[in-house]
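# after the sequence you'll find the predicted model.
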Amino acid sequence: MGTEIERKFLVTDLSVVDGLSGSVIRQGYLSRDPERTVRIRRKGARGVITIKGASLGASRSEWEYEIPPTDADAMLTLCEGSILDKTRYEIEVAGRTWEVDVFAGANDGLVMAEVELESEDATVEVPSWAGLEVTDDARYYNANLSRHPMGRPG
C-alpha cells in the first residue's frame, strides 16, 4: 500500500502552461464513497485503476495498477456521474513537480495545481501562479467534480 500526500491550489495565472505540452486525461469513478474511491483513468495510451482510502488531512492510502487501455475505456462507460476531461501539465518549482490540471467539459474554466509531498509537514514553496489552497475543500476532490461540476457558469 502506498500513501498519497498532496496539497491542492487553484491556479490564478493560466499563462504558466503557455508553450508546454500536456497529457490528455479522461477519468471516471466506479465508487465515489469518501471512505473508498475507485477511479478509472485513461491517460494517452495507458489505462489505470486507482483505489484510494479516506482522506486524513492531506494524506490517504492509495493503490494504483496499470490495466489494458481497452479495459479502461470499457470501465469508463460504467462510471457514476460525469467523466472528467482535463489536460495535465507538469511544472518544476523548487525541486518539486507540480501537476497543473486544466479542466474541460462540465468543469471548463477550472484550473488546479497539486504537489505530492513526502510528509504532511514538508516545506513547500508555493509558486506565484498558485492562489487559494483547496486541499481540505471537498468540493475540489475530483470524485466530487464528477458529480457537481465547478466550471464557468453558462
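Noted; the coordinates are in hand.
# does M150 count as helix, strand or coil?
Per DSSP: H, G, I helix; E, B strand; the rest coil, the local secondary structure of M150 is coil.
# dihedrals phi and psi, it?
Here is the backbone geometry of M150 (degrees, to the nearest 10): phi -120, psi 40.
# and what of P69?
The phi/psi pair for P69 (degrees, to the nearest 10) is phi -60, psi -40.
# hmm, it is touching A45, no?
Yes. Assessed by Cβ atoms under 8 Å, P69 is found in contact with A45 at 6.0 Å. Bear in mind the C-beta positions are built from the backbone N, C-alpha and C, glycine included.
# those two: who's more crowded?
P69 (15 against 6; other Cβ atoms under 10 Å).
# distance of that one from L76?
Per Cβ to Cβ, to the nearest Å, P69 is found 11 Å from L76.
# what does the spatially closest residue to V134 that is not a sequence neighbour show for phi and psi?
In space, and not counting its chain neighbours, V134 is closest to Y140: 4.2 Å by Cβ to Cβ, 6 or more residues apart in numbering. Phi and psi for Y140, reported as degrees, to the nearest 10, are phi -100, psi 0.
# same deal with the one 5 residues further on?
Dihedral pair for L145: phi -60, psi -30, per degrees, to the nearest 10.
# OK, contacts around the residue nearest to V134?
8, 10, 112, 134, 150 (Cβ atoms under 8 Å, 6 or more residues apart in numbering).
# so where do the strands sit in this protein?
2-11, 23-33, 36-43, 46-53, 59-67, 80-93, 96-103, 111-116, 130-133 (DSSP state E).
# send me the longest one as CSV with only the CA atoms.
Only the C-alpha atoms of strand 80-93 are listed here, as CSV (Å, rounded to 0.1, in the frame of the first residue of the first chain):
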residue,chain,number,x,y,z
GLU,A,80,-21.0,7.1,-11.9
GLY,A,81,-21.6,10.8,-12.8
SER,A,82,-19.7,12.7,-15.5
ILE,A,83,-16.4,11.7,-17.0
LEU,A,84,-13.7,14.3,-16.2
ASP,A,85,-11.7,15.6,-19.1
LYS,A,86,-8.6,17.6,-18.4
THR,A,87,-5.1,18.3,-19.7
ARG,A,88,-2.3,17.8,-17.2
TYR,A,89,0.9,19.8,-17.3
GLU,A,90,4.0,19.2,-15.2
ILE,A,91,6.0,22.1,-13.9
GLU,A,92,9.1,22.0,-11.8
VAL,A,93,9.3,24.5,-8.9
